[in-house]
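Student: Just need the structure, nothing else, for what follows:
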Amino acid sequence: STQSTWGHLMLRTFRNKPKLLSRPRTSYQTAKRSFQMSADQTSIQFHPLPDTLPVVQLKVKDAFDGLSSKEKLYAHYISQASWLGSRIVLHQTSPESPAIFELFNVILVPSVVESSTFPQNFREAVLSTNEVSEQELQWFFEYAACFYANMGNYLGFGDTKFIPRVSKDKFRKIAQLAPKPVDATQKSITQSKLEELLSAWFDKIYSLEQNEKTLGYPDSGHGLSAYYGRNVTKADIEFVGDFMVKQKISPYNTRIFKNEPFPGKIEYELRLAASEYGDIATHEVNGRIIRVVRGDYAGLLGSVVTNLTKAVPFAANNNQTEMLEHYIKHFKSGDIEAHKDSQRSWVRDVGPVVETNIGFIESYRDPHGARGEFEGFVAVVNKEMSRKFATLVAQSEPFLALLPWPRAFEKDTFSRPDFTSLEVMTFANSGIPAGINIPNYDDIRQDFGFKNVSLGNVITSAYADDKFTFIQEKDQELFRTLLTQAFEVQVGCHELLGHGSGKLFVEKEDGTLNFDKDTVQNPLTGGPITSWYKRGQTWDSQFAAISSAYEECRAEVVGLLLSTNRDLLRIFGYTDEKVQDDLMYVNWLQMMRAAVIGLEFYSEESKTWRQAHMRARYSIFQTLLKDAPELVQLTVGEDDAFVNVVREKIRSHGVQAISNYLLHLQVYKSTNDVANGIKFFEAASAVPESYSKLRQIVIAKKKPRKIFVQPHTVLAGDSVVLQEFDPSPAGLVQSNIVRFYNA
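Tutor: Numbers count the residues shown, from 1 in each chain. As a prediction, the model looks like this:
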């Protein structure tokens, strides 16, 4: 259960029994070196935070004020569940993230909760001795803000470890000078806890050993992953994964740990996230033991269950009530089927005023592409923009027919999904996306349906800029004027008609196929279909580490392709052909620019990508450079680079090239042709050595991603009050201290 005492906000994920395998320990006392000594010059350039961190306020007050009292209470309790559960992300990110979270609590909570003058009181205390400068204090706040925004010390977008700009000595000095509790006993406890945390974990904040720079397979030498014990290898993950497919155990809410009690004896522990503890089963497979247990993140999920239970009386209809009941069952037991049931109820809940979802959802940060990061969101529907999306949904079948694959490769029946534009109130995870298409379960998406959401206040806040890198001067004004509108069109097509399109050929439980093997032909070979998904196999399990980037690429290409359709642009309100042409141009130009920027997320050292969306966009760019050189050009100078798109050739050369690319992506996905699909996509997203200079330019010109200060809700009697915070690093820090202290 959660603790209200601020000195104990960090919860242990396991208590007492059943006895669970502990993580193999690594001595952190051996890494007491400054980052300058443990990292090369590239690391020093790449990993510290930027000079200034752009922070923007996620504005939702007007939408929130329009809710009824009942709707506000419903939103409040699910927000609480989402935020409390988001601390799971700390445990999914890195071994030190939970301890850094607690360290910030110890340093900052007294200043925030015992005074109404934060951050001024904190600033006065720290600067009073002249041992810390204003700049150093600002860097401290920026590191704390970035940590909270990413729920850990690795970037949610890019999976790279970030370290403070403030030196270790000055960070420690700030911690020591920070105001302490007024109560003498609490002051002594705080000081003791502070020294304990600094001694055990402080060096890990700055450490940049080779296997700590990015997230990745633990045995790769180039990364770490808290989804797995430190001694778990890629081969171990595949071994347990094969077992899970046969046992029909979904990986979404699991982690894997390994113990070798003596040489030759290997035991795996497959942990299911649940508030209840228990041994589920023990299996022996090829001489190895696999124990399946529940109870991962038990204390945190207990708090999630408590708040979801409180939300039930305020549900607007039976679908919402059933959804909450299934969520509660899932988070108590770890049963993934209960979460699937919640998603069925969620899909049936069409057009709610308050939209929510919660669970272990996206697998981007798992190096194996299978395990889901915890997230929860609460948002209010933007009715005006949602009307446009509803029209797009109603007219979606004709647009699906324009996609380049035969009818047999499209779903038998297109279940018209709910598609809304939302004003986000809460998005609790490692980073807020611009749009969502869920659930991710293949069987529900294909046979039952899905929902699409566009996060309107995120798009309008995140994509404003004064001058855009890699865009020629002649395009700057038009790009600035239409980027948000073009991106809204791209997101709409990406989510609804990208992720929502295409069929998987599968063997059903009764052994029959969901397609006619005798008549359906492979459009790439002209021959019969020779492969499909066997029982127990899923898209994620088969395409594994490449699945996220591959699917994001498929959706992005659909968006690019359909954004050239004038009938579709009219649905969004763009009826003038000149404006339509400008929107097409800006949309294609922004995709090419994003591809170049994406090189920041490619590691030359390990030859791997750290971000699925960026890899997807880069592969599109490379495809067009190769197959439509008349359309797209790249110019690289001494210290700058520019992309050029010939607008007159978008609807001819561009459409032809990406249609062919999209056809290959879909056929390999539909037919479970893993070997050819992976080979094809890896070739398209390969980065040649000749791009080394371009990548250095990209890194030199990189701009930090904006991070959001989100509001917080509190109960005031029978009412719910929305608290907003200053759009600054200190304001973001304050919002999180208040949020988790009051929980």
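Student: show me where pLDDT drops low in this structure?
Tutor: Low-confidence regions of the chain, defined here as pLDDT under 70, cover residues 1-46, 463-465, 742-743.
Student: Most distant residue from the centre of it?
Tutor: Note on the chain: the largest separation between a C-alpha and the mean C-alpha position, by Cα atoms, centre = their mean, falls on Ala184 (42.2 Å).
Student: how close does that one get to Gln191?
Tutor: Using Cβ to Cβ, to the nearest Å, one obtains 11 Å as the distance from Ala184 to Gln191. No exception for glycine: its C-beta is placed from N, CA and C like everyone else's.
Student: try Pro528
Tutor: For Pro528, the distance to Gln191 - Cβ to Cβ - is 73 Å.
Student: Who has more neighbours out of those two?
Tutor: Set side by side, Pro528 and Gln191 show more neighbours around Gln191, with 14 against 11, by other Cβ atoms under 10 Å.
Student: What are the buried residues along the helix or strand hosting the more buried one?
Tutor: In this assignment (DSSP states H and E), Gln191 forms part of helix 184-206. Applying a neighbour-count criterion of 16 or more other Cβ atoms under 10 Å, one finds 186, 189-190, 193-194, 197-198, 201-206 buried in helix 184-206.
Student: Would you reformat those residues as JSON lines and include distance to Asp51?
Tutor: Rendered in JSON lines, the data for the buried residues of helix 184-206 read as follows (distance: Cβ to Cβ, whole Å):
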{"residue": "Gln186", "distance to Asp51": "36"}
{"residue": "Ile189", "distance to Asp51": "37"}
{"residue": "Thr190", "distance to Asp51": "32"}
{"residue": "Lys193", "distance to Asp51": "32"}
{"residue": "Leu194", "distance to Asp51": "28"}
{"residue": "Leu197", "distance to Asp51": "28"}
{"residue": "Leu198", "distance to Asp51": "26"}
{"residue": "Trp201", "distance to Asp51": "26"}
{"residue": "Phe202", "distance to Asp51": "23"}
{"residue": "Asp203", "distance to Asp51": "24"}
{"residue": "Lys204", "distance to Asp51": "24"}
{"residue": "Ile205", "distance to Asp51": "19"}
{"residue": "Tyr206", "distance to Asp51": "18"}
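Student: about what we covered before: give me the helices and strands touching the helix holding Gln191, please.
Tutor: For helix 184-206, the packing partners by 3 or more Cβ pairs under 8 Å, 6 or more residues apart in numbering; DSSP states H and E come out as helix 97-113, helix 168-177.
Student: any idea how far the shortest one is from the chain center?
Tutor: Averaging C-alpha positions (Cα atoms, centre = their mean, to the nearest Å) puts helix 168-177 32 Å from its chain's average.
Student: mind listing what's buried in that helix?
Tutor: Residues of helix 168-177 classed as buried under the neighbour-count rule (16+ other Cβ under 10 Å) are Lys168, Lys170, Phe171, Lys173, Ile174, Ala175, Gln176, Leu177.
Student: Wait, the fourth one touches Ser128, no?
Tutor: By that I understand Lys173. No - with contacts counted by Cβ atoms under 8 Å, Lys173 stays clear of Ser128, the gap being 11.8 Å.
Student: For Ala462, which non-adjacent residue is closest in space?
Tutor: In space, Ala462 comes closest to Lys706 once its chain neighbours are excluded; the distance is 5.2 Å by Cβ to Cβ, 6 or more residues apart in numbering.
Student: re the thing from before, and which of the buried residues of helix 168-177 is nearest to Asn259?
Tutor: Taking Cβ to Cβ as the measure, Lys168 is the one of these closest to Asn259, at 34.6 Å.
Student: Please tell me I have it right and that closest one contacts Leu198.
Tutor: No - with contacts defined as Cβ under 8 Å, Lys168 does not count as touching Leu198, sitting 10.1 Å away.
Student: rewinding a little: quick one: which of the helices and strands packed on helix 184-206 is nearest Gly654?
Tutor: Nearest to Gly654, of all those, is helix 97-113, at 42.7 Å by Cβ to Cβ.
Student: so how far is the first residue of stretch 310-322 from its last?
Tutor: Counting by Cα to Cα, to the nearest Å, you get 14 Å between the two ends of stretch 310-322.
Student: Pull the residues that contact that stretch.
Tutor: If you take Cβ atoms under 8 Å, 6 or more residues apart in numbering as the criterion, stretch 310-322 is touched by 70-71, 73-74, 77-78, 80-81, 323-325, 341-342, 345-346, 348-349, 352-354.
Student: Helices along the stretch 201-350 of the chain, start to end?
Tutor: Ranges of helices in the stretch 201-350 of the chain, per DSSP state H, counting those that start in this stretch, are 234-247, 298-311, 318-333, 336-348.
Student: Let's have those in JSON lines, adding distance to Val714.
Tutor: Shown next, in JSON lines, are these (distance: least, Cβ to Cβ, whole Å):
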{"stretch": "helix 234-247", "distance to Val714": "41"}
{"stretch": "helix 298-311", "distance to Val714": "13"}
{"stretch": "helix 318-333", "distance to Val714": "21"}
{"stretch": "helix 336-348", "distance to Val714": "26"}
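Student: Nearest to Ile620, out of those helices?
Tutor: helix 234-247 (28.2 Å).
Student: now the helix or strand hosting Ala379 against helix 298-311, angle please.
Tutor: Secondary-structure element containing Ala379, defined by DSSP H and E: strand 373-382. For strand 373-382 against helix 298-311, the angle by axes from the mean of the first three to the mean of the last three Cα atoms, to 10 degrees is 20 degrees.
Student: Just checking, which helix or strand succeeds strand 373-382 along the chain?
Tutor: With elements assigned by DSSP H and E, the helix or strand that comes after strand 373-382 is helix 383-394.
Student: just how off-centre is that next one within its chain?
Tutor: Averaging C-alpha positions (Cα atoms, centre = their mean) puts helix 383-394 25 Å from its chain's average.
Student: Just the residues contacting the very next helix or strand once past that helix, thanks.
Tutor: In the C-terminal direction, the helix or strand that comes right after helix 383-394 (DSSP H and E) is helix 396-400. Among residues not part of helix 396-400, those counted as contacts by Cβ under 8 Å, 6+ apart are Glu410, Phe414, Arg416, Leu496, Leu497, Gly500, Ser501, Leu562, Asn565, Asp567, Leu568.
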